[in-house]
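[1] Using only what follows, build the 3D model:
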Amino acid sequence: MKTIHFDNIDSTNTYLKNNYRFLENMTFVSSDYQSAGKGRNARIWKSEKGKNLLFSLLLTDDYLIQQYKIISILTSFCVIKTLEEYDIHNLSIKWPNDVYVNDKKICGILLEATSSSKLDCLIVGVGINVNQKEFEGDYLRKPTSMINELNKEINIEELKIRLFKTIENNLNNIDDDYYSIIKEYDYLKDKEVYANIDNENKKIKVLGINNDYSLKIEYDNIIRDIEAGEISFHNEKD
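    Reported below is the predicted structural model:
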């Protein structure tokens, strides 16, 4: 494991996209501030400087790249196990890549790939709300943070070291049976939600995460398995 840290950068994901050829597998790049941080579906990720844990992980190992279906959700699981060490409870995974405390979002994860003739690398971008108390702007789900949940400030450097080790250990054991544990953290299971699927807004019922980490849903009397990228969730019908 190699770590790189910046005081300020546009995006740790972008840095790895531009430099992955020169970096080793499992390089972690963190920053106190990202001027162009982003989430899924081109959403902007806003964060106060020095208040949160912002980093990206580079994976160039061919076997790990082949496990792309589990990488994002396994990273969410690693975040949960680390936050539980700080006595934060009622944690769950909102498929495919968000971590919730009760009904509030505490962590977002963005998985991106870079390819030429084949997939060259996976980049896992992670943002955890740590010491930021207030969140301005419109959000699909109300944010929270470690400080808001625990009423005390967290040492971000210590949190980073713990989480990086947890991610490294779990990725080195990626063939273990994680599904039996991960499915217990399924936030969407048995919920009825609105989502855009096949370019249509629909009310769907989520039946749960499958053992291949796709999502089983039901709508219009159809049961269907979907992959990340085939659906986006919304708060309202329209």
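[2] residues contacting the spatially most central residue of the chain?
    Of all residues in the chain, the one closest to the mean position by C-alpha atoms, centre = their mean is residue 109, 2.2 Å from it. Contact partners of residue 109, counting by C-beta atoms under 8 Å, 6 or more residues apart in numbering, are 72, 75, 76, 79, 97, 98, 99, 124, 125, 126, 127. Every residue, glycine included, has its C-beta placed from N, CA and C.
[3] For it, name its beta-bridge partners.
    Under DSSP bridges, the beta-bridge partners of residue 109 are residue 126.
[4] what's the closest of the contacts of residue 109 to residue 160?
    Among the contacts of residue 109, residue 126 lies closest to residue 160 (C-beta to C-beta), at 10.3 Å.
[5] returning to that earlier point: what's the distance between the residue nearest to the centre of the chain and residue 55?
    According to C-beta to C-beta, to the nearest Å, residue 109 stands 11 Å off from residue 55.
[6] cool, residue 48 as well?
    Distance from residue 48 to residue 55, by C-beta to C-beta: 16 Å.
[7] Comparing those two, which residue is more hemmed in?
    Shown here are residue 48 and residue 55; by other C-beta atoms under 10 Å, residue 55 has more neighbours (23 against 15).
[8] Doesn't that one lie inside a strand?
    Yes. Using DSSP: H, G, I helix; E, B strand; the rest coil, the assignment for residue 55 is a strand.
[9] Surely it touches residue 110?
    No. The pair residue 55 / residue 110 is not scored as a contact, 11.5 Å apart, by C-beta atoms under 8 Å.
[10] Could you name every residue contacting both of these two?
    Joint contacts of residue 55 and residue 110 (C-beta under 8 Å, 6+ apart) are residue 125.
[11] Show me how this structure divides into domains.
    2-184, 188-234 (automatic domain parsing).
[12] Report the buried residues of stretch 74-93.
    Neighbour-count burial for stretch 74-93, counted by 16 or more other C-beta atoms under 10 Å, picks out 74-83, 86, 88, 91-93.
[13] try stretch 60-67
    Quick answer for stretch 60-67 (16+ other C-beta under 10 Å): 60, 61, 64, 65, 67.
[14] The fourth one reaches residue 59, doesn't it?
    Yes. Judged on C-beta under 8 Å, residue 65 makes contact with residue 59 at a distance of 6.2 Å.
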